[in-house]
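**Q** Need the 3D shape of this:
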Amino acid sequence: MPLIKALKKIWTTDPVEFQGKYYRIPKSFIGPKPVQKPHPPIYMAAYAPSALKRVATEGQRLVSRRHSAERRRSDVRWNQEYGKEFRS
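**A** Modelled structure (predicted):
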């Protein structure tokens, strides 16, 4: 997701420069930087398998609206396992 990539750049890089399909940041110094390192947690909601995959690869925390507590636990476990290699 281009927005997540742009935010991570803003939060972790000085100077920041980003060129994406929807966002462009010319070489800039943007501050203040977040206290959390490397950046604040990113919460994303997901229901469909493709969205769960996106959360695992781009986000860090899953917000689930499933009605079953067991299904929520399952989604969170899947997100944690699948996303391990993508976390920064």
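**Q** From here on, just use CA atoms for contacts and neighbour counts.
**A** OK.
**Q** can you give me how far the helix or strand hosting Arg77 is from the chain middle?
**A** Arg77 belongs to helix 69-83 when assigned by DSSP states H and E. On the basis of Cα atoms, centre = their mean, to the nearest Å, helix 69-83 sits 16 Å off its chain's mean C-alpha point.
**Q** Please identify the buried residues of that helix?
**A** By 16 or more other Cα atoms under 10 Å, the buried positions in helix 69-83 come out as 72, 75-76, 79-80, 82-83.
**Q** How about stretch 1-20?
**A** Buried residues in stretch 1-20 (16+ other Cα under 10 Å): 6, 8-11, 16, 18.
**Q** tell me the two of those residues that are most distant?
**A** Of all pairs drawn from the buried residues of stretch 1-20, the greatest distance, 12.2 Å, lies between Trp11 and Phe18 (Cα to Cα).
**Q** intersection of neighbour lists for the two?
**A** Counting by Cα atoms under 8 Å, 6 or more residues apart in numbering, Trp11 and Phe18 have no contacts in common.
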